[in-house]
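Colleague: structure, please.
(2 chains)
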Protein chains: 2
Amino acid sequence: ASMARPPTDFPYLPPADRDLMLSLLTTVEDRLGSALLPSNVSPDVLRFQNSNGSAHGSVNIRSGSQSSPVDFVLQSWLNCKTPGGGEINIASLFAFLNSSTDAPHLLFELIHGSPTSIVLIMDLIPRRDLVLHPDYLDKFYQQTDLDGPRRHLDSLPQVSPYYSSSLFIRSVLSPTSIAVSVDFGKEGEASAMEEMVAEHIGGAAKKIVEVWLEKCAGVRVLGVAEGERLELERRDELIKRKAVEIDLAANLPRMFGPEVAERVVAEIQMAFRV
Amino acid sequence: ASMARPPTDFPYLPPADRDLMLSLLTTVEDRLGSALLPSNVSPDVLRFQNSNGSAHGSVNIRSGSQSSPVDFVLQSWLNCKTPGGGEINIASLFAFLNSSTDAPHLLFELIHGSPTSIVLIMDLIPRRDLVLHPDYLDKFYQQTDLDGPRRHLDSLPQVSPYYSSSLFIRSVLSPTSIAVSVDFGKEGEASAMEEMVAEHIGGAAKKIVEVWLEKCAGVRVLGVAEGERLELERRDELIKRKAVEIDLAANLPRMFGPEVAERVVAEIQMAFRV
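Modeller: Predicted coordinates for the structure are as follows:
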């Protein structure tokens, strides 16, 4: 287990995506510092592929230290050749907090389906029912102006809303969540997408990560009452369990075959404690 | 207090809007039948206007009978001349349930800002935290295919998402909520909008009202546990209080002056018990 960054981080991602992911990850790791323990993830999950080598992937997880509010930080990438000669790249960064705080989790996922089209999901995931807790909504979403980056992306002509087919995933997201597809069309220039990722998506992502680091992960533990901790844990467990079920358990076997998928899912379930 | 429909229901609405509102209201009233008590709303709230007669409005409320799961059905319309010679029409239908059930409330609001543009909000409002209650999400939203009407409207070229400026209102809505603006542009034909309202919006609204009548209001009381009733009531109260605060208390004084606004808001607060 080493804390050094492997040189092969996100090796298949288009350069702008890779720069963005590395920048977000470095920011998170630098700011959390010793709150993150070294990775224990086994080498065959840190790097895996399917039998014919057309799909590659990596999952890395660092748990939070006992005294920190961080539960874990998960980074992953998947690369998969498509029958038509193209490829799909998926890069994710999840940073979850533990029940010593009720502050939101961080979610960032970039699904690059072709050189000129992307689906982007990025949010601070609420850990309370926002209707019952308008003060929570105000503190983490209103006062931080998290709707600003959403509005900015929404104003760009290539950007349109993306609706997950899972109603549960939609329910998990906040009212300022960014769930969009960006499409420059078949005639689009890959360079236009690079600029979109570097400038617009990157700007929004950095703002959201900054809010998360400053108002959520960086705050000293707030003294959540015991009864509330149990409810938070139950709610978080449902989110993590469904995330594995909907996202990973549904897609990994198709991309990597059952054996690899099982190994990767098991490692994530262990980190998620679900 | 009479149960007969006043002939002046929605007198200012464009014909297609009026037909739709009357159709929805008749369906709800016919199906709920004696579960709805006669209206007690005073004549100066059933019909009001501002001092110079440029704004007219109506609010009518019928409470549910003691043995019914209905809390109240509220219908309202507002008509307001704009300085440019146009007018704004707002028509609303809210049907809330009481805490004998946790089934969703019905929300329908049509804001006709010009002959060729509309904002439409229509939803079954969840009464549970959907993340903690995936069974509730499945029962009321997934199995009823409430995402179908949303997807249909979303597929029309004149329809685009509408984001309430209130994050609380966005939090209240379900993951299948319809919150859209429909715009045929300045060159658009009012007849195209009529067809949109009659066919597409009408079709979606009738489907949603039917689900509400069948799965929510029409179901015999389910025996919500005492502790849960209190939480439901607290959650409902927050929704109703914020609805008055954000929607009415903010807009009515501007349209009708403080005196009329106070009278109307007081009547609604009495019906809402907030």
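Colleague: just for chain A, where's the confidence low?
Modeller: Applying pLDDT under 70 to chain A flags residues A:1-8, A:220-222.
Colleague: can you give me the strands for it?
Modeller: For chain A, strands defined by DSSP state E occupy the ranges A:48-49, A:55-63, A:70-81, A:87-97, A:105-114, A:117-125, A:159-161, A:178-183.
Colleague: so which of those is nearest residue B:31?
Modeller: Among these, the nearest to residue B:31 by Cβ to Cβ is strand A:159-161 (33.6 Å). Backbone N, C-alpha and C define where each C-beta goes, glycine included.
Colleague: tell me the buried residues in stretch A:184-203?
Modeller: A:184, A:188, A:193, A:194, A:196, A:197, A:198, A:200, A:201, A:202 (16 or more other Cβ atoms under 10 Å in any protein chain shown).
Colleague: again but with stretch A:238-256, I slipped
Modeller: Buried residues in stretch A:238-256 (16+ other Cβ under 10 Å): A:238-240, A:242-244, A:247-249, A:252-253, A:255-256.
Colleague: can you give me the end-to-end distance of that stretch?
Modeller: 26 Å (Cα to Cα, to the nearest Å).
Colleague: show residues contacting that stretch.
Modeller: A:48-50, A:55, A:57, A:78, A:80, A:96, A:105, A:125, A:166, A:168-169, A:172, A:260-261, A:264-265, A:268-269, A:272-274, B:131-132, B:134 (Cβ atoms under 8 Å, 6 or more residues apart in numbering or on different chains).
Colleague: on that earlier part again, which ones among the buried residues of stretch A:238-256 lie within helices?
Modeller: A:238, A:239, A:240, A:242, A:243, A:249, A:252, A:253, A:255, A:256 (DSSP state H).
Colleague: need those residues in a markdown table (columns: distance to residue A:33).
Modeller: A markdown table is the format used below for these (distance: Cβ to Cβ, whole Å):
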| residue | distance to residue A:33 |
| --- | --- |
| A:238 | 30 |
| A:239 | 26 |
| A:240 | 24 |
| A:242 | 31 |
| A:243 | 26 |
| A:249 | 33 |
| A:252 | 32 |
| A:253 | 37 |
| A:255 | 34 |
| A:256 | 33 |
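Colleague: rewinding a little: buried subset of the contacts of stretch A:238-256 as a PyMOL selection?
Modeller: Applying 16+ other Cβ under 10 Å to these leaves a buried subset, and the PyMOL line that selects it is:
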select buried, (chain A and resi 48+49+50+55+57+78+80+96+105+125+166+168+169+172+260+261+264+265+268+272+274) or (chain B and resi 131+132+134)
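Colleague: using CSV, write out every CA atom in stretch A:14-27.
Modeller: C-alpha atoms of stretch A:14-27 as CSV (Å, rounded to 0.1, in the frame of the first residue of the first chain):
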residue,chain,number,x,y,z
PRO,A,14,-8.7,12.2,-23.3
PRO,A,15,-6.1,14.8,-22.1
ALA,A,16,-8.6,17.5,-20.9
ASP,A,17,-10.5,14.9,-18.9
ARG,A,18,-7.3,13.5,-17.4
ASP,A,19,-6.0,17.0,-16.5
LEU,A,20,-9.4,17.7,-14.8
MET,A,21,-9.6,14.5,-12.9
LEU,A,22,-6.0,14.7,-11.7
SER,A,23,-6.5,18.3,-10.6
LEU,A,24,-9.7,17.5,-8.6
LEU,A,25,-8.1,14.4,-7.0
THR,A,26,-4.9,16.3,-6.1
THR,A,27,-6.9,19.1,-4.6
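Colleague: give the buried residues for that stretch.
Modeller: Here stretch A:14-27 shows A:14, A:16, A:17, A:18, A:19, A:20, A:21, A:24, A:25 as buried, counting by 16+ other Cβ under 10 Å.
Colleague: around chain B, which positions in the stretch 151-274 of chain A sit nearby?
Modeller: A:151, A:154, A:161, A:163, A:167-168, A:170-172, A:175-176, A:231, A:234-235, A:238-239, A:242 (Cβ under 8 Å from any Cβ of the partner chain).
Colleague: just the buried ones from the residues you listed, in ChimeraX syntax?
Modeller: Remark: buried members of those, expressed as a ChimeraX selection using 16+ other Cβ under 10 Å:
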select /A:154,163,167,168,170,171,172,175,176,231,235,238,239,242
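Colleague: now, which of the buried residues of stretch A:14-27 lie close to chain B?
Modeller: Okay, of the buried residues of stretch A:14-27, nothing touches chain B (Cβ under 8 Å from any Cβ).
Colleague: so which of these are in helices?
Modeller: Short answer: the buried residues of stretch A:14-27 in helices (DSSP H) are A:16, A:17, A:18, A:19, A:20, A:21, A:24, A:25.
Colleague: which one among these gets closest to chain B?
Modeller: Closest approach between those and chain B, by Cβ to the nearest Cβ: residue A:24, at 24.3 Å.
Colleague: which residues does the closest one contact?
Modeller: Residue A:24 touches A:93, A:108, A:205, A:206, A:209, counting by Cβ under 8 Å, 6+ apart.
Colleague: rerun that using 7 Å as the cut-off
Modeller: A:93, A:108, A:205, A:209 (Cβ atoms under 7 Å, 6 or more residues apart in numbering or on different chains).
Colleague: which residues sit in contact with the closest residue to the second one other than its chain neighbours?
Modeller: Sequence neighbours aside, residue A:93 is the residue nearest to residue A:108 in space, at 4.4 Å (criterion: Cβ to Cβ, 6 or more residues apart in numbering or on different chains). Contacts for residue A:93 (Cβ under 7 Å, 6+ apart) come out as A:21, A:24, A:25, A:75, A:108.
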